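Novice: Predicted structure and sequence below. I'll ask about it afterward.
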Amino acid sequence: MSLWKRPPSIAAMHARNVNTVNGLLGIRITEVGDDFVRAEMPVDERHVQPFGILHGGVSVVLAETVGSLASVLCCDEGYGAVGLEINANHLLPVPKGDVVTAECRPVRVGRNIHVWNIELRRGDGKLTCVSRLTTSIVANRT
């Protein structure tokens with residue numbers, strides 16, 4: 001049974017990313033399952049720090065992107081999600097030229113607060129970052 005209250009449309013998600021940081025960084029949603037969201041991002045000159053590896057802040061942007069998207073999919077119409085807190089532990093470097101995959105799964109989906117676990121893996125499948133995102137569910141502003 002699916003966790004989502006809204007029908008997940010990858011095409012609609014990508015359309016919303018135009019002219020946003022997600023689009024700028026090349027973040028692409030690749031799969032939405034019954035209780036997870038997956039995305040990928042290339043690692044090129046837009047994403048690296050001066051030593052040629054993925055910048056930790058960019059890892060956090062990817063993690064918050066998939067977590068926030070998952071949270072919105074769990075919201076009733078008229079509500080959205082905003083980030084309250086995110087943390088990240090960077091475990092292994094990701095070199096320029098690689099691809100990072102993010103997978104987001106719920107820890108708890110409540111009425112007002114959602115908590116998500118996000119794992120980032122580099123192209124060889126090794127875990128490079130673990131993150132946890134907490135979102136607050138709020139009424140959409142008109």
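Specialist: Good, I have the coordinates. Residues are numbered from 1 along each chain as shown.
Novice: Which parts of the protein are helices?
Specialist: All helices of the chain, identified by DSSP state H, fall at 10-17, 21-25, 56-73.
Novice: Residues in contact with the first one: which ones?
Specialist: Right, helix 10-17. 23, 27-32, 69 (Cβ atoms under 8 Å, 6 or more residues apart in numbering). C-beta coordinates here come from the backbone N, C-alpha and C atoms, glycine included.
Novice: partners of the nearest residue to V107 once chain neighbours are set aside in the sheet?
Specialist: Leaving aside its sequence neighbours, V107 sits nearest to V115 (Cβ to Cβ, 6 or more residues apart in numbering; 4.1 Å). Here V115 sits in beta bridges with R108, T134, going by DSSP bridges.
Novice: Tell me how many other residues crowd V115.
Specialist: 17 (other Cβ atoms under 10 Å).
Novice: same check, this time on L69
Specialist: 22.
Novice: what's the pLDDT at the nearest residue to it once chain neighbours are set aside?
Specialist: Leaving aside its chain neighbours, L69 sits nearest to V37 (5.7 Å; criterion: Cβ to Cβ, 6+ apart). You'll see V37 listed with a pLDDT of 97.
Novice: list the contacts for D76?
Specialist: Residues near D76 by Cβ under 8 Å, 6+ apart: K5.
Novice: any idea how far it is from R6?
Specialist: Distance of D76 to R6, given as Cβ to Cβ, to the nearest Å: 9 Å.
Novice: Poorly predicted segments of this protein, please.
Specialist: Low-confidence segments of the chain (pLDDT under 70): 142.
Novice: so where do the strands sit in it?
Specialist: When assigned using DSSP state E, the strands of the chain occupy the ranges 28-32, 37-42, 79-90, 99-109, 113-121, 127-139.
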